[in-house]
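S.K.: build the 3D model from these lines:
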Amino acid sequence: MLGANIDGYDSGLEQIYGTKYAEYVKFGMKRTYPVIKLTIDELKACIEIAKKVIKRLEKLDKTYSAEERITLRDDINDEIGIYTSRFDQI
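M.R.: Okay, here's the model as predicted:
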């Protein structure tokens with residue numbers, strides 16, 4: 001990875017969301033989703049859903065706390081349908 005700041009990413013993740021969530025992102029998600037295999041059509045469908053989510057969030061123009069962002073991220077992941085595990089269920 002050229003230009004990646006892994007240490008900065010890890011420490012920022014932990015600082016903003018806490019150790020438990022940082023470990024979930026770093027280890028739990030990788031263990032649950034080592035490889036995501038989607039067809040081109042599935043990927044296109046997910047992209048369309050994601051675009052609608054982005055527009056909806058931009059209209060709200062809201063700032064979320066770290067806890068709210070985790071919950072929102074889980075809800076959006078459910079909506080898109082790629083990642084099905086939730087942080088609040090670990």
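S.K.: where does this protein dip in pLDDT?
M.R.: Counting by pLDDT under 70, the chain has low-confidence residues at 1-3, 90.
S.K.: the residue sitting nearest the centre point of it and D88: what is the separation?
M.R.: Nearest residue to the geometric centre of the chain (CA atoms, centre = their mean): R73, 5.4 Å. Distance of R73 to D88, given as CB to CB, to the nearest Å: 11 Å. Every residue, glycine included, has its C-beta placed from N, CA and C.
S.K.: do I40 as well
M.R.: 32 Å.
S.K.: name the helix or strand for the residue nearest to the centre of the chain, please.
M.R.: Secondary-structure element containing R73, defined by DSSP states H and E: helix 66-80.
S.K.: only alpha carbons, please: show that helix as CSV.
M.R.: The C-alpha coordinates for helix 66-80 follow below in CSV (Å, rounded to 0.1, in the frame of the first residue of the first chain):
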residue,chain,number,x,y,z
ALA,A,66,-19.3,8.3,17.2
GLU,A,67,-22.0,6.0,18.7
GLU,A,68,-24.6,7.3,16.2
ARG,A,69,-22.2,6.7,13.3
ILE,A,70,-21.6,3.1,14.3
THR,A,71,-25.4,2.4,14.5
LEU,A,72,-26.0,4.3,11.2
ARG,A,73,-23.2,2.3,9.5
ASP,A,74,-24.7,-1.0,10.7
ASP,A,75,-28.1,0.1,9.4
ILE,A,76,-26.8,1.2,6.1
ASN,A,77,-24.8,-2.0,5.7
ASP,A,78,-28.0,-3.9,6.3
GLU,A,79,-29.7,-1.8,3.7
ILE,A,80,-27.0,-2.4,1.1
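S.K.: wait, doesn't Y33 sit right on N77?
M.R.: No - with contact defined as CB atoms under 8 Å, Y33 and N77 do not form a contacting pair (10.4 Å).
S.K.: which residues touch K37?
M.R.: Listed by CB atoms under 8 Å, 6 or more residues apart in numbering, K37 has no contact partners.
S.K.: ramachandran angles for it?
M.R.: phi -110, psi 110 (degrees, to the nearest 10).
S.K.: and for T39?
M.R.: Dihedral angles (degrees, to the nearest 10) for T39: phi -80, psi 170.
S.K.: fine by me, we can end here.
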